[in-house]
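Chemist: Here is a sequence with its predicted model. Questions after.
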Amino acid sequence: MRESYEQNLIGANRLRAALDSGRIVAFYQPILNLATGQIDKYECLVRMLDEQGEPISPIHFLDLAKKIRLYRTLTRRHVDLALERFDGQPWSFSLNLSCEDLLDAELSDHILDSITSRGMASRSSLRFWNRKGSRTTAQYANSLTAPRAGLSYCD
């Protein structure tokens with residue numbers, strides 16, 4: 001029990017330091033169209049860089065971020081990085097988000113408003129990962145994204 005607490009404390013300090021020092025970054029994975037050989041769009045992935053600059057998969061820090069209430073900050077950072085990268089560019093992109101992001105009214109409003117205010121809805125898609133496969137969540141996502149021209153939801 002004490003070891004788990006200490007590990008969480010170390011992880012929390014590393015995560016806060018990464019946020020404070022700009023080591024929460026986005027990786028952009030190209031999605032290749034096999035028929036044309038061209039890149040169709042990019043998938044935006046969040047990563048944390050350790051003190052040596054090595055990427056850390058979100059599986060190692062997202063649950064902790066939820067526990068220490070930094071998850072919303074991480075998600076906003078991820079979205080903002082992607083929008084900065086693709087603003088003024090012709091490429092389409094998708095953002096990998098969780099259903100918690102969708103159900104957080106403040107966060108989902110920030111995401112959707114940021115995309116639409118930059119005129120990027122026609123090039124954006126949101127991918128919501130739902131461990132429970134909730135049909136209600138899919139319906140809610142469609143109700144949020146449908147009024148915003150061009151913005152699509154996929155699960």
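Modeler: That came through fine.

Chemist: Buried ones in the helix ranked longest in the chain, by neighbour count?
Modeler: For the chain, the helix with the greatest residue count under DSSP state H is helix 2-20. Burial within helix 2-20, assessed by neighbour count using 16 or more other Cβ atoms under 10 Å, is assigned to 11-12, 14-15, 18-19. Where C-beta positions appear, they are placed from N, C-alpha and C, glycine not excepted.

Chemist: Now do the buried residues in the lengthiest strand in the chain.
Modeler: Determined from DSSP state E, the single longest strand within the chain is strand 39-49. The neighbour-count check on strand 39-49 (16+ other Cβ under 10 Å) flags 41-48 as buried.

Chemist: burial of Asp104, as a residue count?
Modeler: 16 (other Cβ atoms under 10 Å).

Chemist: Let me fix that, I meant to ask about His110.
Modeler: 17.

Chemist: just to confirm, which helix or strand has it in it?
Modeler: Taking DSSP states H and E as the criterion, His110 maps to helix 105-117.

Chemist: counting contacts, what elements does that helix pack onto?
Modeler: Packing partners of helix 105-117 (3 or more Cβ pairs under 8 Å, 6 or more residues apart in numbering; DSSP states H and E): helix 71-86, helix 99-103, helix 135-145.

Chemist: let's go with 7 Å and repeat that
Modeler: helix 71-86, helix 99-103 (3 or more Cβ pairs under 7 Å, 6 or more residues apart in numbering; DSSP states H and E).

Chemist: Relative to Leu62, which of the buried residues of helix 2-20 is nearest.
Modeler: For the buried residues of helix 2-20, the closest approach to Leu62 (Cβ to Cβ) belongs to Leu15, at 9.7 Å.

Chemist: Now the closest one: closest residue in space that isn't a chain neighbour?
Modeler: Once flanking residues are discounted, Leu15 sits nearest to Phe61: 5.6 Å by Cβ to Cβ, 6 or more residues apart in numbering.

Chemist: Over to Cys44?
Modeler: Ala82 (4.0 Å).

Chemist: Would you confirm that that neighbour contacts Ser92?
Modeler: No - Ala82 lies out of contact with Ser92 (Cβ atoms under 7 Å); the separation is 11.6 Å.

Chemist: Neighbour count for those two, which is higher?
Modeler: Neighbours were counted for Ala82 and for Ser92 using other Cβ under 10 Å; Ala82 has more, 25 against 18.
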